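[1] Sequence first, then the predicted structure, then my questions.
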Amino acid sequence: MTILYFLLGLIVSLLVIAAFVGTAWTIERSIDINASASKVWEQLGTLRALNAWNPWSSKDPNVKLTFKGQDGAVGSSYDWDSTDKTVGAGTQTILATDAPRELQTRVDFLRPFKGTGKSWLKLNENNGKTTVYWGMASSTPYPMNIIKLFGMIEKNMDKAFSEGLGELKRRSEA
């Protein structure tokens, strides 16, 4: 019986902590690229270009992609659908574009978890080199938001963003 009370107390404690942690999260990473902003923009100014180096696309070579609208223009989007649980399914839509400085998108996740995030890529050129900032803001619903305490979101996103930015750098400097 003591074990049952202990487990019940642990569960209640985690739920109370999760209530105070908050659901929103933001992550941003950057990389310096030895190329002009216009050359880097060629690698990210459209959804097709973005998918060539984004780390999730490479996880499933059989992912189904469906592009809609004039790629690179505000309102254009693509749907992805994968049986790989790390890729899942969803839609990414261009919200704003300011070539060659900024691309803003909305990402609607359908699988493995439903959710919405805002993503951005910002370029800052200085003396022929470009710093690219890649960020995302989203939220994790209660009580799953308890994972924020363990740094799981940041760890997973940091790995993916680092892989993607490294590939963007490689392609842009080629």
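    Okay, I see it. Numbers count the residues shown, from 1 in each chain.
[2] which residues of this protein fall in strands?
    Along the chain, the segments classed as strands by DSSP state E run 24-33, 64-68, 77-81, 89-98, 102-111, 115-126, 129-139.
[3] got the contact list for the second one?
    It stands for strand 64-68. Contacting residues not belonging to strand 64-68 are listed as 47-48, 51, 57, 76-82 [CB atoms under 8 Å, 6 or more residues apart in numbering]. For the C-beta atoms, the positions are set from N, CA and C on the backbone; glycine is no exception.
[4] let's go with 7 Å and repeat that
    Contacts of strand 64-68 with the rest of the structure, by CB atoms under 7 Å, 6 or more residues apart in numbering, involve 47-48, 51, 76-81.
[5] returning to that earlier point: between the strands of the chain, which one is closest to residue 147.
    Nearest to residue 147 among the strands of the chain is strand 24-33; the distance by CB to CB comes to 9.8 Å.
[6] partner strands of that closest one, parallel or antiparallel?
    strand 129-139 (antiparallel) (DSSP bridges).
[7] Could you list the low-confidence segments of this structure?
    For the chain, no stretch is flagged by pLDDT under 70.
[8] Just give me the longest helix of it.
    helix 152-173 (DSSP state H).
[9] buried sites along that helix?
    153, 157, 160-161, 163-165, 167-169, 171-172 (16 or more other CB atoms under 10 Å).
[10] ditto for stretch 87-99
    Of the residues in stretch 87-99, 87-94, 97 count as buried by neighbour count, 16+ other CB under 10 Å.
[11] same deal with stretch 98-105?
    Within stretch 98-105, the residues scored as buried using 16+ other CB under 10 Å are 100, 103-105.
[12] which of the residues you listed lies closest to residue 8?
    Distance to residue 8 across the buried residues of stretch 98-105 (CB to CB) is lowest for residue 105, with 43.1 Å.
[13] Please list all residues in contact with the residue nearest the centre of the chain.
    Centroid-nearest residue in the chain, with CA atoms, centre = their mean: residue 136, separated by 5.5 Å. When contacts are counted by CB under 7 Å, 6+ apart, residue 136 touches 27, 117-119, 157.
[14] I'd like to know how far it sits from residue 63.
    Going from residue 136 to residue 63 by CB to CB, to the nearest Å gives 19 Å.
[15] Over to residue 48?
    Distance of residue 48 to residue 63, given as CB to CB: 13 Å.
[16] neighbour count winner among these two?
    Higher neighbour count among residue 48 and residue 63: residue 63, with 18 against 13, using other CB atoms under 10 Å.
[17] Just give the closest residue to that one, not the sequence neighbours.
    residue 82 (4.2 Å; CB to CB, 6 or more residues apart in numbering).
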